[in-house]
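Peer 1: just a sequence and a predicted model for now, questions to come.
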Amino acid sequence: MLASVGEIGYPGTRVEDVLRRSGAPRTRFYQLFSDKEECFLTAYEAVSEELTDELLATAKGAEECIDALRVALGQFLDFVAAKPAIAAALLVEARAAGEPVVAVQQKIMERLTRALEGARRQPNSIHTGPSSTAALMIGAIENMVRGLLVSGEAERAPALLGDLLYVLVLTYFGEDAAFAAMDAAKDP
C-alpha cells in the first residue's frame with residue numbers, strides 16, 4: 001500500500017494497484033481491510049510507529065545528546081533516500097488520507113517532540129526559548145525532506161545532515177557545539 005501510494009499518489013491509488021504489487025487475491029484484501037482507507041491507515045500507523053521506535057532507540061543508544069541527534073537524524077535521512085516511495089507516502093501523500101491519519105501523525109509528532117525536548121534539559125543546554133521550539137524544529141525538518149520528495153530528489157536527503165544538525169545543535173547547545181556537530185556529520 002505505502003509503495004503504491006508513494007509512487008501513484010493517495011488519490012490515484014486503487015485497491016487493484018495494491019493487489020497487483022502484493023500478489024494477494026482480492027478476497028484476502030477484503031478479509032483484512034474494509035477499503036483502501038483502512039489499509040492505508042493500518043500501513044501508515046505500523047510503518048511510521050516502527051520508524052519512530054527505531055529512531056528513538058538509536059538516539060537512546062548514544063552516550064551524548066548531540067551524538068543522539070546526529071545518529072537519529074542521519075538514520076531518518078538515510079531511510080528517506082533508501083525508500084523514497086515509502087517516505088513519500090508517509091510525509092507527502094498521507095495528508096490526502098484524512099483525519100484518522102492526521103491523528104496518527106500528531107501522535108508521532110508528539111513522541112518526537114518529547115524526545116527532542118530532552119535536549120533542553122541537558123546540563124550543557126543553553127536553550128531558554130519557548131517549549132514549542134522542538135515541535136518547530138521537527139516541522140522544519142519534515143518540511144525540508146518533503147520538498148526533496150516532491151521534487152524527486154530523495155537521494156539528496158543524507159546530504160542535509162550537517163545543515164540540519166547544525167541548526168538543531170545551535171538552538172540547544174550554541175554555536176561552537178553546532179560547528180563541531182556539523183563537522184562530525186561530514187566526517188563520522
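Peer 2: Structure's in. What do you need?
Peer 1: check which element follows the helix or strand harbouring A103 along the chain.
Peer 2: Using DSSP states H and E, A103 sits in helix 99-117. Downstream of helix 99-117, the next assigned helix or strand under DSSP H and E is helix 133-150.
Peer 1: separation between the residue most central in space within the chain and P130?
Peer 2: Against the mean C-alpha coordinate of the chain, by Cα atoms, centre = their mean, the closest residue is F76 at 6.1 Å. Going from F76 to P130 by Cβ to Cβ, to the nearest Å gives 24 Å. The way it works is simple: take the backbone N, C-alpha and C, and place the C-beta from them, glycine included.
Peer 1: got it, and L73?
Peer 2: Noted for L73: a distance of 22 Å to P130, by Cβ to Cβ.
Peer 1: so what's the residue nearest to the centre of the chain up against?
Peer 2: Counting by Cβ atoms under 8 Å, 6 or more residues apart in numbering, F76 touches L51, L55, I141, V145.
Peer 1: try it again at 7 Å.
Peer 2: F76 sits next to L55 when contact means Cβ atoms under 7 Å, 6 or more residues apart in numbering.
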